[in-house]
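Trainee: below are the sequence and a predicted model; questions follow.
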Protein chains: 2
Amino acid sequence: MNAEIIAVGSELLLGQIVNTNAKFLSQQLAEIGINVYHHTVVGDNPDRLRSVLEIAESRSNLIIFTGGLGPTKDDLTKETIANHLGKKLVLDEYALTSIENYFKKTNRLMTDNNRKQALILEGSLVLQNDHGMAPGMLLSTDTHSYMLLPGPPKEMEPMFLQYGQAALLGKLDSNEQIFSRVLRFFGIGEATLETEIEDLIDEQKNPTIAPLASDGEVTLRLTAKHSLPDVASSLIDEVEKKIFDRVGDYFYGYDQTSLMEELFKKLQQLDLTLACAESLTGGMFQQQFTHFPGAGNILKGGVVCYTNEVKEKVLKVSKVTIAKQGVVSEACASELAENVRELLDADVGISFTGVAGPGELEGKPVGTVYIGVSIKGKTKVEKFIFGGSREQNRIRAVKHGSHLLLKMLS
Amino acid sequence: MNAEIIAVGSELLLGQIVNTNAKFLSQQLAEIGINVYHHTVVGDNPDRLRSVLEIAESRSNLIIFTGGLGPTKDDLTKETIANHLGKKLVLDEYALTSIENYFKKTNRLMTDNNRKQALILEGSLVLQNDHGMAPGMLLSTDTHSYMLLPGPPKEMEPMFLQYGQAALLGKLDSNEQIFSRVLRFFGIGEATLETEIEDLIDEQKNPTIAPLASDGEVTLRLTAKHSLPDVASSLIDEVEKKIFDRVGDYFYGYDQTSLMEELFKKLQQLDLTLACAESLTGGMFQQQFTHFPGAGNILKGGVVCYTNEVKEKVLKVSKVTIAKQGVVSEACASELAENVRELLDADVGISFTGVAGPGELEGKPVGTVYIGVSIKGKTKVEKFIFGGSREQNRIRAVKHGSHLLLKMLS
């Protein structure tokens, strides 16, 4: 099955938004073994839409549309496809009820053109919209399948995952299912990780191993095909073990997680409280930590000690340390971590001090970073030299700090 | 001139990256009055690339390619276009010298296939690459213009802005230039702002007025066409004045700025120091503020007071306030702003307290937020009810805090 994704919307052609739907769907389709050979974007214009539809029919057998299912007269994806295929649009009672309920729930007034959204292509399978009004649909003819999805990613993505993917799997020739697991690594480069397991990547057919690098992390996606979930899972387990034998030291979590989330869960599990002293990172560590509900049970708080004055006055870093070794030093990181832990009466203290840039500080080059961790009297400081942009240095410091503390607690 | 943007790269079809190049170019082309009617993405496959090129020629007269200019055998944009048009690829000495210099500068070894990158389509105008190796080019035939740009956005974007746009303007029928100015508003919804100036939007032809909403802000882009920059600027000034007469109260800055950046500049200009008490926002305000180099001269620091204990112990919020009114209260926000200002001996104190969610706090609903500002003894607290997600509530609180303080200082 070869697929093409057609996004409908003039806002894309004006450059007001980026076509993340094509990326999302391509990734999902790749996972279930469907090849995507073309993406197309076309505006809210029936003639041009019809023309790209005809081109797509000539080269693809699965055509997925995103957008143009709204209530206004600009929205014409359904209408154009219906005209082209000589199909009628019929009212779907279930979709109409959902739309009516949606208006009740959000306390808004339903207008007549919202009824238009409950019209579906005659003979199509309806894909329920749990996060908005326009239902999706899948229509199959002898030669082609047409899937229509809403444009807003927050409606489209859950609809595809919940209903769209299953509908497509039903059309695939095999009864195999696709299972995948993502392994996340930190502290090892993509090239090095790939070299370490190159032979495994080349040998492996089921599951396959796909590396991807982003934001200083590397992930491996293991994807197995089998009709039985348990067997697929065992196949993945076997390869995972081989990978862990070689680079397990750098592994930190599965699937959609982050270093900060793993650290949050670890502190929660150990029932430890946390206090932070942030100079370099200016609050970034705590901001990310407090993203998670329940952070208040772990993070007592912290001090953003952006000036030497605050380091001395609030966090009691000794004048001698600052005068002799400077604030960008192992000694300062150590005192900050210990003192913030004591000040806030927490189990664990973490500190960040360094040179974010663009200028040097105390004669130390941009990217010099010290991270301190103090756990019930035991203190450890690590030094890093990053040398990226100001923002990159801050982001990398937060990641390394999370990783350092996570390792110490494991 | 009608344009089509063709992105070449299998990584786009696998969903590994999102096509931000199409968005960037569409926005830039819209600004110089070139209509974009199609975006296409195709993989690193010569037959399919040739086929989409032929389709593009049948419906567009400017065809812009991104990607496929690299050194490896996968990269075949130039080769495919050369074959299709019956053009030769010729070595560009200037491009070759640039590539050689690039290798010297980055201390890497140049390989033979890097020479391939210096080949250009015979008769084309070379677009210099100041951030990488592959040069871009613009080739014109009697019927079409073909622009080839590199795939990585950090190479493509500056190349287009620096050389590509001018090359296209040279092909446009007029000697008019395009000038635009963005006005940024906060505290007014898109619909309300549009209603207030609807007649102006409808009447205005030069400059045009284009509203856009994002992240709780609304912008108006004023775009004028004229051969003389001074005249274009006056045309924009006139309309700006009319707009300010109606909604000037909500205006906060021009072009690429943010509320936080305007606040930063205002504090810098007034030579005031700042201290922050962040409960709700967990460090987000300070993290954003310290994004700007030189933040250390303004922000003395702050306290992330995530627990009642830290509010009492470090920031001296009175037990009575917490017991009687709770931490989500006007009184608590007021004490936090005043006390953090005094503790850190700053000119200005700002505080955030509230219910981020997902659960209620002290019987107060999710999204209840108090922001306090204390300036040399004068304290003001504003209450907000947002009611979004946890992260939305935090982000909106930071924006409203920046705006509140900016207004008080203006």
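Mentor: Yes, it's here. Numbering: from 1, shown residues only, chains lettered A, B, ... in the order given.
Trainee: wait, does the helix or strand where A:Lys104 lies make contact with chain B?
Mentor: Counting by DSSP states H and E, the element that carries A:Lys104 is helix A:93-105. No. On the criterion C-beta under 8 Å from any C-beta of the partner chain, helix A:93-105 is out of touch with chain B, staying 14.5 Å away. Yep, even glycine has a C-beta here, placed from its N, CA and C like the rest.
Trainee: tell me how far the helix or strand just after that helix lies from the chain's centre.
Mentor: Next in sequence after helix A:93-105, counting helices and strands by DSSP H and E, comes helix A:112-115. Relative to the chain's own centre, helix A:112-115 is displaced by 35 Å; criterion: C-alpha atoms, centre = their mean, to the nearest Å.
Trainee: what's in contact with helix A:112-115?
Mentor: Helix A:112-115 has contacts (C-beta atoms under 8 Å, 6 or more residues apart in numbering or on different chains) with A:Pro71, A:Thr72, A:Leu91, A:Leu96, A:Ile99, A:Phe103, A:Met133.
Trainee: by neighbours, which of these wins?
Mentor: When the contacts of helix A:112-115 are compared by neighbour count (other C-beta atoms under 10 Å in any protein chain shown), A:Ile99 ends up highest, at 23 neighbours.
Trainee: ok, now which ones touch that one?
Mentor: Contacts for A:Ile99 (C-beta under 8 Å, 6+ apart) come out as A:Met110, A:Asn114, A:Arg115, A:Gln117, A:Ala118, A:Met133.
Trainee: now it. Nearest residue, chain neighbours left out?
Mentor: Leaving aside its chain neighbours, A:Ile99 sits nearest to A:Met133 (4.8 Å; criterion: C-beta to C-beta, 6 or more residues apart in numbering or on different chains).
Trainee: which SS state does the one you found fall under?
Mentor: Using DSSP: H, G, I helix; E, B strand; the rest coil, the structure places A:Met133 in coil.
Trainee: looking at it, it is touching A:Gln117, isn't it?
Mentor: Yes. In this structure, A:Met133 is within contact of A:Gln117 by C-beta atoms under 8 Å, at 5.1 Å.
Trainee: who does the nearest residue to A:Glu194 once chain neighbours are set aside bridge with?
Mentor: For A:Glu194, ignoring the flanking residues on the chain, the nearest one in space by C-beta to C-beta, 6+ apart is A:Pro211 at 5.5 Å. Beta bridges link A:Pro211 to A:Leu220, judged by DSSP bridges.
Trainee: let me see the contact set for the residue lying closest to A:Ala3 once chain neighbours are set aside.
Mentor: In space, A:Ala3 comes closest to A:Leu62 once its chain neighbours are excluded; the distance is 4.1 Å by C-beta to C-beta, 6+ apart. A:Leu62 is in contact with A:Met1, A:Asn2, A:Ala3, A:Glu4, A:Ile34, A:His144, A:Ser145, A:Met147, A:Leu168, counting by C-beta under 8 Å, 6+ apart.
Trainee: out of these, which are inside strands?
Mentor: Mapping the contacts of A:Leu62 onto strands (DSSP state E) picks out A:Asn2, A:Ala3, A:Glu4, A:Ser145, A:Met147.
Trainee: what about A:Leu280, which SS state?
Mentor: Following three-state DSSP, A:Leu280 is assigned to coil.
Trainee: burial measure for the closest residue in space to A:Asn19 that isn't next to it in sequence, as a count.
Mentor: Nearest non-adjacent residue to A:Asn19, counting by C-beta to C-beta, 6+ apart: A:Ala7, 5.2 Å away. Residues near A:Ala7, counting by other C-beta under 10 Å, number 24.
Trainee: A:Cys332 too?
Mentor: By the measure other C-beta under 10 Å, the count of residues near A:Cys332 is 27.
Trainee: spell out which parts of the stretch 301-410 of chain A neighbour chain B.
Mentor: Contact residues, the stretch 301-410 of chain A versus chain B (C-beta under 8 Å from any C-beta): A:301-307, A:309-310, A:313-314, A:343-345, A:356-359, A:390-391, A:394.
Trainee: before we move on, back to that, residues that sit against both of A:Met133 and A:Gln117, list them.
Mentor: In contact with both A:Met133 and A:Gln117: A:Pro71, A:Ile99, using C-beta under 8 Å, 6+ apart.
Trainee: which strand or helix spans the residue of chain A most remote from its centre?
Mentor: Farthest-out residue of chain A from its mean C-alpha position, per C-alpha atoms, centre = their mean: A:Val320, at 45.2 Å. In this assignment (DSSP H and E), A:Val320 forms part of helix A:319-324.
Trainee: got the buried residues for that helix?
Mentor: Going by neighbour count (16 or more other C-beta atoms under 10 Å in any protein chain shown), the buried part of helix A:319-324 is A:Thr321, A:Ile322.
Trainee: what packs against that helix?
Mentor: In this structure, helix A:319-324 packs against helix A:308-313, helix A:330-343, with contacts taken as 3 or more C-beta pairs under 8 Å, 6 or more residues apart in numbering or on different chains; DSSP states H and E.
Trainee: can you put the ones you listed in TSV and add mean pLDDT?
Mentor: Shown next, in TSV, are those (pLDDT from 0 to 100):
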stretch	mean pLDDT
helix A:308-313	96
helix A:330-343	98
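Trainee: quick check: the residue nearest to A:Asn19 touching A:Asn21?
Mentor: Yes. If you go by C-beta under 8 Å, A:Ala7 and A:Asn21 touch, sitting 6.0 Å apart.
Trainee: on that earlier part again, the residue nearest to A:Asn19: what secondary structure?
Mentor: Of the three states, A:Ala7 takes strand under three-state DSSP.
Trainee: and it, what does it touch?
Mentor: For A:Ala7, the contacting residues are A:Asn19, A:Asn21, A:Ala22, A:His39, A:Thr40, A:Val41, A:Val42, A:Phe65, A:Thr66, A:Gly67, A:Gly151, B:His39, by C-beta under 8 Å, 6+ apart.
Trainee: try it again at 6 Å.
Mentor: A:Asn19, A:Asn21, A:Val41, A:Thr66, A:Gly67 (C-beta atoms under 6 Å, 6 or more residues apart in numbering or on different chains).
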